[in-house]
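**Student:** fold the following and give me the result.
(chains A and B)
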Amino acid sequence: MVSPLQLIFLIVSAVGLLTALGAVLARNLVHAALFLVAFFFTVACQFILLEAEFLAAMQVLIYIGAVSILLLFGIMLTRNIQGDETTGGHWIWKVPSGIVAVGVLGVLLFGIANERGRPGQESWSRIGSRPGGVNPPIGGPRSLAIAFSPTGQFVASADADGRVRLLNPRGGQVAAFHLDGLEPTAVAFSPEGSLLAAADDQGNVRAWNVLTRRAVLERSGARPGPVTSLAIGPRRFEQDQDNRLVVLGGADGILQIWDDAPEPVEIGAHDGPVASMVVTVEGLLVTAGLDGEVTIRDLLGGGPVRRIEAVEPGRTAVAVAVGSVPPDEPQNFADPESDPATRAPAPPPAAGGLSGPLVAFASVSRDGPGRWTFRILNAFDGQDLINVPDLPHVPGAVALASDGRRAAVVVSPGPDGEGPALARPVVRIWDLDPGLGLKGDEQIEIPPGPLGEAPLLAAGSRGSRFVLGRAGQSTAFYDDLDRSWAASQGPAVALPTVVADMPRAVGVELMTRFVIPFEVAGLMLTAALVGAIVLARHDPRESPTTAEPAAGRQPADVPDPPAVSRPER
Amino acid sequence: MTSTGDVPLSWFLAFASAAFAVGLFGVLVRRNAIALLMAVEIMLNAANINLVAFWRFGDSPGAEGGPISGVMLAIFVITIAAAEVAVGIALILLCYRRWHAADVDRFDSMAG
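**Tutor:** From the prediction side, this is the model:
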């Protein structure tokens, strides 16, 4: 399984190494210089593959245009009657040099393959994809899953470039973790917020400590279908805080529970994709599926599984969210050096039936297009918190704030929506605080741009912080103070926008969109050079090689550099 | 799609290592001064690929780190290499006029 980009890389690399060997081994110096030009071309091709178009242009201009010409002049002016290699000995004398070169190559490759990373940093030897992806769109890579940490301090985003990014609620990047070139599909925080876990399509799960940014947990297995949701359990042992339960939910409705056993336990839970799930601090696993059911099972204590029918028969659940529960006590995992002002304040004790994990369903019926029902219920007792039928427009994504005090829904104008017309999609917010009443009339207009098929929404605990992910666009962060959306400020965004200015202005039309034509042109030029060398070797005016002078002859009797170079061999 | 299909960083590094080893072999094997210069150029190019690969694959180039630092370093290397070749060719020509050879083994007037 080699992608087209990897195939191009392999071809360019093979040609590059062969031409480099030709430049080193060719006995005729002019041939060696032409091989060197071909090697420079392949290096320019590598720069194109690395998206450094400006540097590729510099490479062609300076190396091929200037340096190689200078070298050719040098060859022309220093050719003497003894030939190019005057003191060339037997080939056996090249063996020690070959051993040294192969040894250096072995040391370098060993180091590349076994690099482990400095303390607090991840190893770079496992980086399988570049941040932002190949030829990144302005605005950063597409986000595939978003999660707000229960403390409200962090946002985790699983991005299409194979990175899991830890961001602060304003959109600044805190850390980036990579998944060996695989695309993450689900991301989750542990109930107390100290671990961040991500799963990819092949059922591998990796978890990192949010503060030390080290990988602490890794489970790899093969799942038949894509992982649609992920949950990581609370601390179980005082001594081993990173030993957690990991639960994966698949598109086929099967839960995969990883305990200490080498193989996960598989449980069929839903009749459709497991849309969202949460493990509470007490060890209760609450899952919600697109089949409209909620299941609650006690992972630590065992006991019967409770099921709640959350969506009436005949209706289809469109968007589901399970709210994480705030920790009962202030976070004790926060590092003592961090500024207490930046730490999330301990959420006040929830009042009046808000203590359980909340499950929110947005469902539509086939009978009434453009109308939907919003229902939030408490997973502990099945009591409705909100049950609003017949809402206008089309729901897209549901989010519950990490402190359980707000719910938000992305609503887009339907095909023939009644009621107040919507100009463009909005985020509708419901305040779940009983003192304020369940309003639902607060609306935030989302920034212009297509919403895509499956928008992502996450809500934070402090203020009205929302994170919105849309297909083909960067993740947007809503700030309650400015009342405005801002793009994330990770390097994946800063990189293309800043780099775009100078080199891309020249290169975007010519090179970035035409990587393959450029590579083909470079390889064809290389082939032409190599072909010219091969043809030149069969010169019909070839002189007999018997006049080869003895190696090591003293040149003292040669008065001047010869005006005309001797034909080679 | 499970894999991003991108070229891993280690592939670029492996290619750069191999090119560097080839250049090193050339420096050790060749005796013609200009061939030596060419082998050195191969090694410099290999180092450049390393710089650009780490720049493009690095996770925190950030605004504070300078998003274009890898390319700037590579441009410096290219500039220095061009200057080095110019001076090197001039030196080789001088040596050639003095000793009538471009062979580094002949440039032994400082040997003990």
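**Student:** what's the burial count for the residue nearest to residue A:245 when sequence neighbours are not counted?
**Tutor:** Take residue A:245 and drop its neighbours on the chain: the residue closest to it by Cβ to Cβ, 6 or more residues apart in numbering or on different chains is residue A:233, 3.3 Å away. Quick note: C-beta positions are derived from backbone N, CA and C, even for glycine. Look at residue A:233: counted by other Cβ atoms under 10 Å in any protein chain shown, it has 24 neighbours.
**Student:** residue A:233 and residue A:243 touch, don't they?
**Tutor:** No: with contacts counted by Cβ atoms under 8 Å, residue A:233 stays clear of residue A:243, the gap being 9.3 Å.
**Student:** where are the low-confidence patches of chain B?
**Tutor:** For chain B, the stretches with pLDDT under 70 are B:1-4, B:59-68, B:112.
**Student:** quick one: the helices in chain B?
**Tutor:** Taking DSSP state H as the test, the helices found in chain B are B:9-29, B:33-57, B:62-65, B:69-99.
**Student:** please apply the same query to chain A.
**Tutor:** Counting by DSSP H, the helices of chain A are A:4-25, A:29-49, A:53-58, A:68-78, A:95-113, A:491-499, A:505-507, A:515-537.
**Student:** backbone torsions only: list them for residue A:202.
**Tutor:** phi -100, psi 10 (degrees, to the nearest 10).
**Student:** what's the burial count for it?
**Tutor:** 17.
**Student:** state the distance from it to residue A:221.
**Tutor:** Distance, residue A:202 to residue A:221, using Cβ to Cβ, to the nearest Å: 8 Å.
**Student:** repeat that for residue A:27.
**Tutor:** 57 Å.
**Student:** and if you look at residue A:322?
**Tutor:** For residue A:322, the distance to residue A:221 - Cβ to Cβ - is 23 Å.
**Student:** more crowded one of these two?
**Tutor:** The neighbour comparison of residue A:322 against residue A:221 (other Cβ under 10 Å) goes to residue A:322, with 25 against 15.
**Student:** pretty sure the more buried one sits against residue A:286.
**Tutor:** Yes: counting by Cβ under 8 Å, residue A:322 does reach residue A:286; the two are 5.4 Å apart.
**Student:** shared neighbours, those two?
**Tutor:** Shared contacts of residue A:322 and residue A:286 (Cβ atoms under 8 Å, 6 or more residues apart in numbering or on different chains): A:277-278, A:357, A:359, A:379.
**Student:** what's the closest of those residues to chain B?
**Tutor:** Of all the shared contacts of residue A:322 and residue A:286, chain B sits closest to residue A:277, with 21.8 Å by Cβ to the nearest Cβ.
**Student:** report pLDDT for that closest one.
**Tutor:** We have a pLDDT of 87 for residue A:277.
**Student:** so in terms of bridging, what pairs with it?
**Tutor:** Beta-bridge pairing of residue A:277 under DSSP bridges involves residue A:287.
**Student:** how about the nearest residue to residue A:395 once chain neighbours are set aside, what does it touch?
**Tutor:** Closest residue to residue A:395 apart from its sequence neighbours, by Cβ to Cβ, 6+ apart: residue A:362 at 3.9 Å. Applying Cβ under 8 Å, 6+ apart, one finds that residue A:362 lies in contact with A:317-320, A:372-374, A:395, A:398, A:409.
**Student:** quick check, residue A:275 in contact with residue A:288.
**Tutor:** Yes: counting by Cβ under 8 Å, residue A:275 touches residue A:288, with 5.7 Å between them.
**Student:** which non-adjacent residue is nearest the residue nearest to the spatial centre of chain B?
**Tutor:** The residue lying closest to the centre of chain B (Cα atoms, centre = their mean) is residue B:44, at 0.7 Å. Distance criterion Cβ to Cβ, 6+ apart; nearest residue to residue B:44, sequence neighbours excluded, is residue B:81 at 4.8 Å.
**Student:** any regions of the stretch 251-400 of chain A where pLDDT drops low?
**Tutor:** Using pLDDT under 70, the stretch 251-400 of chain A drops low at A:324-356.
**Student:** in it, which residue sits nearest chain B?
**Tutor:** For the stretch 251-400 of chain A, Cβ to the nearest Cβ, closest residue to chain B: residue A:251, 13.5 Å.
**Student:** show me what contacts that residue?
**Tutor:** A:225-228, A:273-274.
**Student:** any chance of the residues you listed in JSON lines, plus distance to residue B:19 and neighbour count?
**Tutor:** As requested, the contacts of residue A:251 are arranged in JSON lines below (distance: Cβ to Cβ, whole Å; neighbours: other Cβ atoms under 10 Å in any protein chain shown):
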{"residue": "A:225", "distance to residue B:19": "43", "neighbour count": "13"}
{"residue": "A:226", "distance to residue B:19": "40", "neighbour count": "18"}
{"residue": "A:227", "distance to residue B:19": "40", "neighbour count": "24"}
{"residue": "A:228", "distance to residue B:19": "44", "neighbour count": "23"}
{"residue": "A:273", "distance to residue B:19": "48", "neighbour count": "19"}
{"residue": "A:274", "distance to residue B:19": "49", "neighbour count": "30"}
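**Student:** against residue B:5, how distant is residue A:481?
**Tutor:** For residue A:481, the distance to residue B:5 equals 41 Å [Cβ to Cβ].
**Student:** who has more neighbours, the two?
**Tutor:** When residue A:481 and residue B:5 are compared for neighbours, residue B:5 comes out ahead with 19 against 8, by other Cβ under 10 Å.
**Student:** so the more buried one makes contact with residue A:7?
**Tutor:** No: between residue B:5 and residue A:7 there is no contact under Cβ under 8 Å: 10.4 Å.
**Student:** ok, how many other residues are close to the closest residue to residue A:10 other than its chain neighbours?
**Tutor:** Leaving aside its chain neighbours, residue A:10 sits nearest to residue A:2 (7.1 Å; criterion: Cβ to Cβ, 6+ apart). Residues within reach of residue A:2, counting by other Cβ under 10 Å, total 11.
**Student:** kindly report the same for the one 5 residues further on.
**Tutor:** Here the neighbour count serves as a burial measure; for residue A:7 (other Cβ under 10 Å) it reads 11.
**Student:** that one and residue A:43, how far apart?
**Tutor:** Computed as Cβ to Cβ, the residue A:7 to residue A:43 distance reads 19 Å.
**Student:** equivalent analysis for residue B:37, please.
**Tutor:** On the measure of Cβ to Cβ, residue B:37 and residue A:43 end up 16 Å apart.
**Student:** cool, thanks, talk later.
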